[in-house]
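Q: quick one, structure for this:
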Amino acid sequence: MPRTRLAAFAAAVALTALTGCGAADMTSQSSPYADAKDSRTVTLSVQSWVGAQANVAVARYLLEHELGYRVDTVQIDEVPAWDALSQGRVDAILEDWGHPDQEKRYIDEKRTITRGGDLGVTGHIGWFVPTYFAEKHPDVTEWKNLNKYADEFRTAESGGKGQLLDGSPSYVTNDKALVDNLDLDYQVVFAGSEAAQITQIEQFAKEEKPFLSYWYKPQWLFEKVPMTEVRLPAYEEGCDAEPKKVACAYPHTPLQKFLNARFADGGGDAATFLKKFRWTTDMQNDVALMIAEEKLSPEEAAGRWVKGNEATWRAWLPS
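A: Numbers count the residues shown, from 1 in each chain. I've put the predicted structure just below:
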């Protein structure tokens, strides 16, 4: 989900290490393993944030080491991933944050995608300020007071307004509509990727500067940079139905898995395993921390987690 060319390059290198065929553009390409009938191969879509990478790393490790599959992973933005999944260019998405239009199109109407069940993790997007700033200015945690602090959140990129730091434009975000509809003196500034956004947040925290950022849970960074959520107008069912009119908080979303329909029916042990794959926020964060902070490769992080959590993952294997 961010920023400078250097950070973007570093993120790309890290992701290339994760993916079997590099950071492929799956809007036009496909994995040689995808939709491969009668073969023990699987292709997993991997999103650019580290929590999603943690899911894929553990699933891949177990598919390869316990079930004897060959696994490829490819990076695709959130909405194009649905197109690739529908067309059989990937077999599964392991972490989706809610795309009702895509669900209606591909699950209800075309029936080319099927639900794979809960991941076991509940996601929540929100606006956050560093806790060190919230402790000094407790009223900043109410959205109605944000304009009072716009000058303190101003940066060179925000054009004289307060900066609301977002990640990638491809992520689920209502922030531009929220700024407009709540009449806030802020400019949404996209970092470009999660890695770049983390770099900026860490730099702000190192200097104890104020910042306002789009961020989400679960995410390992909260352990390193404590942040406090700003209370936006309460979420109510349907309040985000019209994107340009959104003026409410983000919902709490049980994260979902989705499978290509042909793969779900004919993917054998791999499909059964992915449907049963379900873990906790803490487990995901454990693996994400190993990848992002300890700089382990995804395979090394997954191997370490698998070694210490056999009672959990054994239940995911086909009977």
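Q: please work out how many residues are found near residue 46.
A: 28 (other C-beta atoms under 10 Å). The way it works is simple: take the backbone N, C-alpha and C, and place the C-beta from them, glycine included.
Q: that one contacts residue 59, correct?
A: No - contact between residue 46 and residue 59 fails when scored by C-beta atoms under 8 Å: they sit 9.9 Å apart.
Q: which residues sit in contact with the residue lying closest to residue 131 once chain neighbours are set aside?
A: The shortest distance from residue 131 to any non-neighbouring residue, by C-beta to C-beta, 6 or more residues apart in numbering, is to residue 226 (4.0 Å). Counting by C-beta atoms under 8 Å, 6 or more residues apart in numbering, residue 226 makes contact with 130, 131, 132.
Q: residue 132 versus residue 226, what's the distance?
A: For residue 226, the distance to residue 132 equals 8 Å [C-beta to C-beta, to the nearest Å].
Q: chain neighbours aside, what residue packs nearest to the residue most central in space within the chain?
A: The structure's the chain has its C-alpha centroid closest to residue 49; by C-alpha atoms, centre = their mean the separation is 4.7 Å. Nearest non-adjacent residue to residue 49, counting by C-beta to C-beta, 6+ apart: residue 194, 4.4 Å away.
Q: from the chain's centre, how far out does stretch 175-189 sit?
A: 22 Å (C-alpha atoms, centre = their mean, to the nearest Å).
Q: please enumerate the strands of the stretch 151-300 of the chain.
A: Per DSSP state E, counting those that start in this stretch, the stretch 151-300 of the chain carries strands over the ranges 162-166, 186-190, 212-217, 227-230, 252-260.
Q: packing partners of the third one?
A: Secondary structure elements in contact with strand 212-217, counted by 3 or more C-beta pairs under 8 Å, 6 or more residues apart in numbering; DSSP states H and E, are strand 113-130, strand 162-166, helix 194-206, strand 227-230.
Q: tell me what the second one is packed against?
A: Spelled out, it's strand 162-166. Using 3+ C-beta pairs under 8 Å, 6+ apart, strand 162-166 sits against helix 175-181, strand 186-190, helix 194-206, strand 212-217.
Q: what comes up buried for the first one?
A: Meaning helix 175-181. 175, 176, 177, 178, 179 (16 or more other C-beta atoms under 10 Å).
Q: just those now: which is nearest residue 150?
A: residue 179 (10.8 Å; C-beta to C-beta).
Q: now do the contacts for the closest residue to the closest one other than its chain neighbours.
A: In space, and not counting its chain neighbours, residue 179 is closest to residue 186: 5.1 Å by C-beta to C-beta, 6+ apart. Residues near residue 186 by C-beta under 8 Å, 6+ apart: 146, 150, 153, 158, 161, 162, 163, 164, 179, 212.
Q: again, only this time at 10 Å
A: 127, 146-147, 149-150, 153-154, 158, 161-164, 175-176, 178-180, 212 (C-beta atoms under 10 Å, 6 or more residues apart in numbering).
Q: coming back round to it: residue 205 versus the residue nearest to residue 131, what's the distance?
A: Residue 226 is 9 Å from residue 205, by C-beta to C-beta.
Q: what do you get for residue 212?
A: On the measure of C-beta to C-beta, residue 212 and residue 205 end up 13 Å apart.
Q: where does the prediction get shaky in the chain?
A: 1-39 (pLDDT under 70).
Q: ok, longest helix in it?
A: helix 50-65 (DSSP state H).
Q: partner strands of the following helix or strand past that helix, with direction?
A: Following helix 50-65 in sequence order, the next helix or strand is strand 70-75 (DSSP states H and E). Here strand 70-75 is paired, per DSSP bridges, with strand 41-46 (parallel).
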